[in-house]
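[1] Any chance you could fold what I've pasted below:
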Amino acid sequence: MKILGIDPGSVNCGYGLISAKETCTAGRNNEGGRSMGGPVCLSSGRIVMAASKPLHERLKELFSSLSDVISELRPDEIVIEKIFFAKGIKAAFGLGHTRGVVLLAASLACIPIHEYSALEVKQAVVGYGRADKRQVQMMVRQILNIQHQLSPDGADALAIALCHMNMQGPYSSVSTGIIRRGRRAAR
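    Numbering: from 1, shown residues only. Below you'll find the model as predicted:
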């Protein structure tokens, strides 16, 4: 399964595509099966729009560029970050418009969309919901065995994708009924 994480922004929009390695497992009687191994980074980057352009032009550029990314990478699922905090009302509106464009591009491609808060992403990737950007970037590089530096937007997008993979994996609360957030997950 290929998961495309998107970190929406009205000037820089990060994206990152991950996949789980498929491994062959053989039992005692040579009964083989397939299981999913660790995640692998397939692509990451960011879409940069000129801050000097009016918002409507940046949104149009974002939609076009993101549609191209989705078409080229062909993810099975798309994951974006929920809005939780913005520095000001203007920033909140800009982020809301940007998220709308991301949701539209994903919807038009008929790809399932999932959303997680920044707290959930940091908890899933770093193990601490109040981690800073440097800690998130370091863990993303470590988990995905990336040797080069990542743009902060690309690292955030990969972290969002990793969060979703964690939530969907064999040890997620959905599949095992593990206690999450102080409540037992519904079966």
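[2] can you confirm F93 is in a strand?
    No - secondary structure of F93 (DSSP: H, G, I helix; E, B strand; the rest coil): helix, not part of a strand.
[3] Check it and give its pLDDT.
    Listed pLDDT for F93 reads 83.
[4] likewise the one 3 residues further on?
    Looking at G96, its pLDDT is 88.
[5] What helix or strand is it located in?
    For G96, the element it lies in under DSSP states H and E is helix 89-108.
[6] Tell me where this protein has helices.
    55-73, 89-108, 118-125, 133-143, 152-168, 173-176 (DSSP state H).
[7] and among those, the most buried is which?
    With neighbours taken as mean count of other CB atoms under 10 Å, the helices of the chain reach their highest mean count in helix 152-168, at a mean of 26. In this view, the C-beta of every residue, glycine as well, is placed from N, C-alpha and C.
[8] just the angle between that helix and helix 133-143, please?
    Inter-element angle recorded for helix 152-168 and helix 133-143: 60 degrees (by axes from the mean of the first three to the mean of the last three CA atoms, to 10 degrees).
[9] so how far is helix 152-168 off the chain centroid?
    4 Å (CA atoms, centre = their mean, to the nearest Å).
[10] ok, now stretch 76-95?
    Relative to the chain's own centre, stretch 76-95 is displaced by 13 Å; criterion: CA atoms, centre = their mean.
[11] Any chance you could list what contacts it?
    Here stretch 76-95 makes contact (CB atoms under 8 Å, 6 or more residues apart in numbering) with 1-10, 55, 70, 96, 99, 102-103, 106, 109, 111-119, 121, 156, 160-161, 163-164.
[12] switch the cut-off to 6 Å
    1-6, 10, 102, 106, 111-115, 117-118, 160-161, 164 (CB atoms under 6 Å, 6 or more residues apart in numbering).
[13] and the end-to-end length of it?
    24 Å (CA to CA, to the nearest Å).
[14] And for stretch 103-123?
    First-to-last residue span, stretch 103-123, CA to CA: 24 Å.
[15] roughly how far is it from the heart of the chain?
    With CA atoms, centre = their mean, you get 7 Å for stretch 103-123.
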